[in-house]
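1. Based on what follows, work out the 3D shape:
(one chain, ligands or ions: 1)
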Amino acid sequence: MTTAPVGPEGPVVSLRGVGRRFGDRDALVDLDLDVHRGERVALLGSSGAGKSTLLALLNGSLPPSTGAVELLGERPDQLSAGARRRLQTRIGTVHQRLDLVEQVRVFHNVNAGRLGRMSTLTVLRSLVWPVGMAEVRHVLEQVGMGWAVHERTERLSGGERQRVAIARLLLQRPELVLADEPVASLDPARAAEILRLLTEVGEQDAGTAPTLVVSLHQPSLARDHCTRAIGLREGRIAFDVAAADLGEHHLQELYVLS
Ligand SMILES: Nc1ncnc2c1ncn2[C@@H]1O[C@H](COP(=O)(O)OP(=O)(O)OP(=O)(O)O)[C@@H](O)[C@H]1O
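-> Have a look, this model is predicted:
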């Protein structure tokens with residue numbers, strides 16, 4: 001198994017001729033894509049364009065139907081289940097549904113960020129005697145939730161839950177951060193704040209530039225927080241431009257009904 005981080009030159013994500021089919025429907029068609037360390041990529045596209053499918057390929061949870069997906073220098077579809085899980089501990093994903101356990105206290109949810117690095121015994125023991133509380137407190141403070149360490153997760157608002165999910169990511173210290181519409185239900189100020197936090201996840205250690213792929217519906221957020229914008233239309237790349245160059249004509253390509 002290769003565990004060394006990908007060198008600065010090697011792409012964090014490399015897709016060659018990648019397609020994904022569900023039954024008789026093509027969700028993604030013949031994608032070629034490289035993402036390099038430090039890039040912040042916004043994925044734009046109308047509903048059903050293939051954004052979530054692409055993010056599932058990028059976290060190794062979904063194999064491609066055709067072509068090759070390489071993540072952090074490895075082919076997840078060619079790894080054993082154990083090696084794939086280890087690879088996935090190096091990739092942090094924030095889903096729309098956040099995947100928090102509602103009935104437990106916040107520190108348990110944050111501590112789940114290191115599950116891949118702890119033995120099963122330590123995981124079970126930590127349910128009773130939580131480990132690493134100082135670190136948990138620290139990452140919660142980073143997202144402005146230091147007060148919530150012992151709160152029950154079910155009592156938190158939607159925006160607070162989102163911050164807890166990001167604190168969990170901070171503890172995981174992933175090399176690649178993936179986020180599927182993380183700000184879809186937030187007001188503009190909160191949306192900007194969550195994106196700022198997401199771009200900072202990888203900046204904890206000196207010299208570690210964050211690599212982020214995030215699906216968004218608001219082009220202004222892509223321009224403000226990302227370096228690159230990729231438009232998906234009907235499973236294909238419609239454009240791939242510097243985020244600063246994202247213009248009205250790009251969006252028309254995506255959102256005008258055919
Ligand atoms: N598990 C699945 N089974 C069957 N079809 C699927 C599955 N996942 C995705 N699809 C189909 O693949 C296509 C792309 O879906 P995907 O969820 O990737 O789009 P999206 O761009 O993320 O859309 P949205 O913005 O609505 O979340 C859609 O036609 C969808 O119905």
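2. Could you use CA atoms for every contact and neighbour count after this?
-> Fine.
3. tell me the contacts of Leu186?
-> Gly159 (Cα atoms under 8 Å, 6 or more residues apart in numbering).
4. State the distance from it to His36.
-> 29 Å (Cα to Cα, to the nearest Å).
5. Give me the pLDDT for the spatially most central residue of the chain.
-> Closest to where the C-alpha atoms of the chain average out (Cα atoms, centre = their mean) is Leu178, at 1.4 Å. pLDDT, Leu178: 94.
6. Please identify which helix or strand holds it.
-> strand 176-180 (DSSP states H and E).
7. hmm, who's touching that strand?
-> Contacts of strand 176-180 (Cα under 8 Å, 6+ apart): 12, 51-52, 55, 58-59, 90-96, 198, 201-202, 210-216.
8. at 7 Å instead, please
-> Residues outside strand 176-180 that contact it (Cα atoms under 7 Å, 6 or more residues apart in numbering): 52, 55, 90-96, 211-215.
9. So among these, where is pLDDT lowest?
-> Gln96 (74).
10. ok, and that residue, which helix or strand is that part of?
-> Per DSSP H and E, there is no helix or strand for Gln96.
11. Can you get me a residue count around it?
-> For Gln96, the count of nearby residues is 14 (other Cα atoms under 10 Å).
12. ok, it - contacts?
-> So Gln96 contacts Asp180, Glu181, Pro182 (Cα under 7 Å, 6+ apart).
13. Within range of the ligand, give me the residues from this protein.
-> Phe22, Ala27, Gly45, Ser46, Ser47, Gly48, Ala49, Gly50, Lys51, Ser52, Thr53 (Cα under 6 Å from any ligand atom).
14. For the last one, give its distance to Val110.
-> In this structure, Thr53 lies at 26 Å from Val110, with Cα to Cα as the measure.
15. and those two? which has more neighbours close in?
-> Val110 (27 against 19).
16. Return the residues in contact with the more buried one.
-> Applying Cα under 7 Å, 6+ apart, the residues near Val110 are Val136, Val164, Ala167, Arg168.
17. part of a helix, is the second one?
-> Yes - counting by DSSP: H, G, I helix; E, B strand; the rest coil, Val164 is located in a helix.
18. What residues does it make contact with?
-> Val110, Leu140.
19. follow-up on the earlier one: pull the most distant pair out of the contacts of Val110.
-> Across those, the longest distance by Cα to Cα is 10.3 Å; it joins Val136 and Val164.
20. mind giving me the domain ranges of this protein?
-> As given by the TED database, the domain ranges for the chain are 37-62+79-101+175-257, 103-173.
21. Brilliant, that's me finished.
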